[in-house]
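Enquirer: Any chance you can model this:
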Amino acid sequence: MQPTALPQNEPDDEEEYDKLIRYEDFSTIDWIKDSLIERNRRAREARTNRSMLKAQNGRLTSRSVAILLKKFLIGTQSWLVVVIVGLCIGVNAALISILTEWLADLKTGFCSEGWWLNLESCCTQVVDANGTCQAWKPWSNLYGLRWIIYVLFSITFAYVAAHLVKVFAKYAAGSGISEIKCIIAGFIMKGYLGATTLAIKSLTLPLTIASGLSVGKEGPSVHVAACIGYIVARMFSRVSRSQSKMREMLTASSAAGVAVAFGSPIGGVLFSIEEMTANFTMGTMWRSFVCALVATMALSAVNPFRTGKLVLFAVTYDRSWNWFEIPFFVIIGVFGGLYGAFVIKFNLQVQAFRRKHLANHAVVEVVVLAALTALFGWFNMFLRIDMTESLAVLFRECDGGGGDYENLCQTWAQWRMVNLLLLATIFRVGFVVVSYGCRVPAGIFIPSMAVGATFGRMVGIIVKAMYRANPTAAYFSQCPQDSPCITPGTYALLGAAAALGGVMRITVSVVVIMIELTGALTYVLPLMVVLLATKSVGDYFGSGGIADQMIKFNGFPYLHDHEDEDEAHENVPVSLVMRKDLFTLPARGMCASEVEKFLDDATVQGFPIVSTDSRRLLVGYIERQELRYVLDRARRTGGLLPHTECSFAQPTAEEARERRGSTVNGFAPNVQLTSGTAMGIEEGEAVELIETAAVRDSAMLRLWPWVNQTPIIVQPQMSLEIVEKLFRTMGPRVILVVSQGSLEGLVTVKDVLRFNATSASDTSTLESDMSIWDSGALTAALEDTWLWMQEGWRDGLSRTQALFGRR
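Expert: Sure, this is the predicted structure:
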């Protein structure tokens with residue numbers, strides 16, 4: 001455990017102490033240790049302020065005013081960070097939206113009034129009497145040439161995005177939600193939230209969306225927002241030196257990222273509660289709320305679409321729904337659950353194939369996917385346009401809502417529209433399966449919503465056609481005679497919610513996001529019915545959304561809060577999971593050179609301290625960083641010799657009387673410890689690192705102030721279910737297993753995950769059959785295709801060489 005204050009005699013000790021509390025890459029944070037450090041830092045600051053104010057004798061002087069002002073600024077620093085982060089996230093989201101719309105429209109033409117204007121801005125006030133925009137010029141009047149140019153633009157955008165990601169920031173690829181979720185839980189990924197990642201992802205995200213790939217920007221928006229939150233927070237010491245404060249800031253940034261992506265501040269906060277973190281405090285909720293609010297206000301102030309809307313597909317419904325539509329809503333919900341299960345299963349098979357064969361061909365893969373998407377998407381009007389624009393078209397009401405896009409609302413074209421919507425649904429599902437996870441910024445929110453919207457609109461058109469064919473049927477008796485009865489746009493909205501809920505396995509936040517998008521409180525019940533059906537069907541095929549499955553697929557140390565797993569572990573003792581081969585240190589008897597060699601040989605992050613007798617009684621636990629820090633510091637003073645005795649246990653009264661402390665080489669750091677009995681030393685007591693004994697004239701390195709004498713311990717018979725809950729709620733790095741005081745083993749999060757993976761592979765449940773480790777029909781088809789392509793390439797290459805050889 002950490003000493004709770006810093007030496008007073010060296011001015012650079014604060015920076016030196018920061019090195020001590022840093023974590024290595026791909027390690028996990030000990031939240032208990034971090035909370036103790038933060039608590040002791042606040043206590044030390046309070047004592048310092050009280051002593052300085054006391055020195056002023058209660059007088060209001062410039063120094064006392066400065067002390068009070070500094071105290072106020074320190075107390076409000078975290079809120080200042082929240083506001084700055086929210087402003088930056090909102091402005092960044094607006095710039096990304098503007099650039100995305102311009103690049104997407106550039107594939108079809110340009111504005112003669114100004115090359116920097118997108119289609120909507122160009123045609124705001126220059127529409128002629130026929131309703132056409134003369135200022136917008138297509139690249140060619142020939143249909144085939146326009147198609148070729150469209151495909152070339154898509155390929156170019158995809159290539160530039162993939163190349164920038166590959167060369168400058170590999171962490172900019174993907175969605176980022178899975179990784180951010182693990183980082184908030186305490187997993188260290190250095191560079192994942194850096195400035196380079198932020199710059200490259202912000203630049204390549206519009207290029208990726210404009211290329212037409214079936215990926216979205218809403219998931220990557222969370223990653224971008226987290227990068228902004230991390231970078232800004234690093235500028236303020238109050239936040240940067242506390243991992244718990246940083247976790248609050250990343251959670252708030254995630255909420256703001258979803259808020260600006262959907263124009264839904266409350267939905268963003270609920271998403272961060274439901275999906276991003278398992279330990280959500282009231283303080284975190286308030287910071288998330290303020291950050292989401294400020295980000296949304298900044299986005300609204302910039303007004304990227306010049307319509308007053310926060311997102312392009314925001315709509316308003318002024319009609320209600322009918323009770324006879326509930327069965328159709330359930331059908332849409334069932335589709336959402338099936339869609340989620342299908343995409344999760346087969347996308348993970350594609351991910352496994354991608355990792356095995358395409359790791360060195362990331363740019364080529366992205367270009368091929370963009371070319372195929374553009375080639376097929378051009379011939380379907382719902383695939384040709386940008387997905388956010390497609391959602392805006394599908395969500396609109398036909399009567400008075402301006403929703404008659406390409407005769408979408410015309411009765412004579414309804415069955416043609418049904419066919420186009422069905423084809424768009426099928427093709428989009430396939431493109432989502434193969435595109436999500438490629439090496440560009442790629443989210444799955446909007447593609448899933450687009451799939452659900454096309455399916456839902458198709459169902460809505462069919463229901464409306466049924467009503468028109470039999471308006472007097474008893475089933476439709478609830479329909480009013482003087483106003484439209486069926487609104488296909490609401491079916492598209494419900495379908496979008498179902499698909500999003502199916503692939504992410506979230507419910508409450510989806511309902512709120514959709515309500516904030518439409519402002520239609522009357523659709524709360526249909527949304528809940530749809531998502532209930534979606535969740536039921538999805539959970540039948542396996543628990544956890546695609547973000548959770550990607551965490552398992554990548555092997556990140558994250559414990560999921562699944563009730564079925566907890567029930568399965570009720571009767572499993574922790575002794576079956578614990579690690580028994582341990583690197584332990586004796587409480588006494590080792591010299592400095594032996595400890596140094598031990599550190600060089602051991603690869604673990606911490607060491608249990610045990611007694612020197614055969615019982616191996618647990619004395620405490622010391623982190624590798626603390627031990628290395630103390631040794632290096634003692635060596636810098638010149639007082640540490642190879643034969644210096646290292647003591648991890650506080651001496652008994654008899655040993656204390658035997659030794660008479662005297663400093664070596666004048667080194668007597670005034671280390672103030674305030675952790676009380678947890679550290680084995682009283683508050684405020686000064687500790688010398690090295691002391692000598694007057695009797696034996698031998699030096700001793702005092703290590704016990706850095707030993708955690710009260711680690712979390714459990715009995716070998718303790719159920720694994722309770723141990724998992726301890727990891728999730730308290731966040732220790734390790735839990736020690738002790739029997740009658742003797743050390744038996746230790747457990748880490750990775751040990752629990754390893755056991756879970758092993759036990760899951762040994763069971764034949766439906767969920768394990770759907771697990772990410774199974775190889776299925778799609779994997780076999782991809783492997784066959786890969787072999788066929790390799791054989792074709794080798795055959796073509798040999799024929800070419802033979803042809804040129806003859807010449």
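
Enquirer: could you list every residue that touches residue 743?
Expert: 582, 584, 608, 610, 616-618, 736-737 (CB atoms under 8 Å, 6 or more residues apart in numbering). In short, each C-beta sits where N, CA and C put it, glycine included.

Enquirer: Confirm that it sits in a strand.
Expert: Yes. Counting by DSSP: H, G, I helix; E, B strand; the rest coil, residue 743 falls inside a strand.

Enquirer: coming back round to it: quick check: of the contacts of residue 743, which has the highest neighbour count?
Expert: When neighbours are taken as other CB atoms under 10 Å, the top entry among the contacts of residue 743 is residue 737 (26 neighbours).

Enquirer: Tell me what that one is bridged to.
Expert: Beta-bridge partners of residue 737, counted by DSSP bridges, are residue 714, residue 745.

Enquirer: Is it in contact with residue 575, as I believe?
Expert: Yes. Shown here, residue 737 and residue 575 form a contact pair, counting by CB atoms under 8 Å, at 6.8 Å.

Enquirer: Give me the common contacts of these two.
Expert: Counting by CB under 8 Å, 6+ apart, the residues touching both residue 737 and residue 575 are 716, 744-745.

Enquirer: my read: residue 573 touches residue 719, true?
Expert: Yes. When contacts are counted by CB under 8 Å, residue 573 is listed as touching residue 719 (6.6 Å).

Enquirer: Could you identify the longest helix within the protein?
Expert: The single longest helix within the chain, with elements called by DSSP state H, is helix 62-106.

Enquirer: Could you look up the next helix or strand downstream of that helix?
Expert: Later in the chain than helix 62-106, the nearest helix or strand by DSSP states H and E is strand 109-111.

Enquirer: average pLDDT across that next one?
Expert: What strand 109-111 shows for mean pLDDT is 88.

Enquirer: Now do the helix or strand following it: which elements does it pack against?
Expert: Counting by DSSP H and E, the next helix or strand C-terminal to strand 109-111 is helix 119-122. Contacts defined by 3 or more CB pairs under 8 Å, 6 or more residues apart in numbering; DSSP states H and E place helix 119-122 against helix 62-106, strand 109-111.

Enquirer: contact partners of the last one?
Expert: Right, strand 109-111. Outside of strand 109-111, the residues within contact range by CB under 8 Å, 6+ apart are 117-119, 121-122, 135-139.

Enquirer: Using a markdown table, please lay out these together with neighbour count and distance to residue 499.
Expert: Shown next, in a markdown table, are the contacts of strand 109-111 (neighbours: other CB atoms under 10 Å; distance: CB to CB, whole Å):
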| residue | neighbour count | distance to residue 499 |
| --- | --- | --- |
| 117 | 18 | 33 |
| 118 | 21 | 27 |
| 119 | 20 | 27 |
| 121 | 18 | 30 |
| 122 | 22 | 32 |
| 135 | 19 | 36 |
| 136 | 21 | 32 |
| 137 | 15 | 36 |
| 138 | 13 | 32 |
| 139 | 17 | 33 |
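
Enquirer: Among those, give me the pair with the biggest separation.
Expert: The span of the contacts of strand 109-111, defined through CB to CB, is set by 121 and 139 at 18.4 Å.

Enquirer: Lovely, talk soon.
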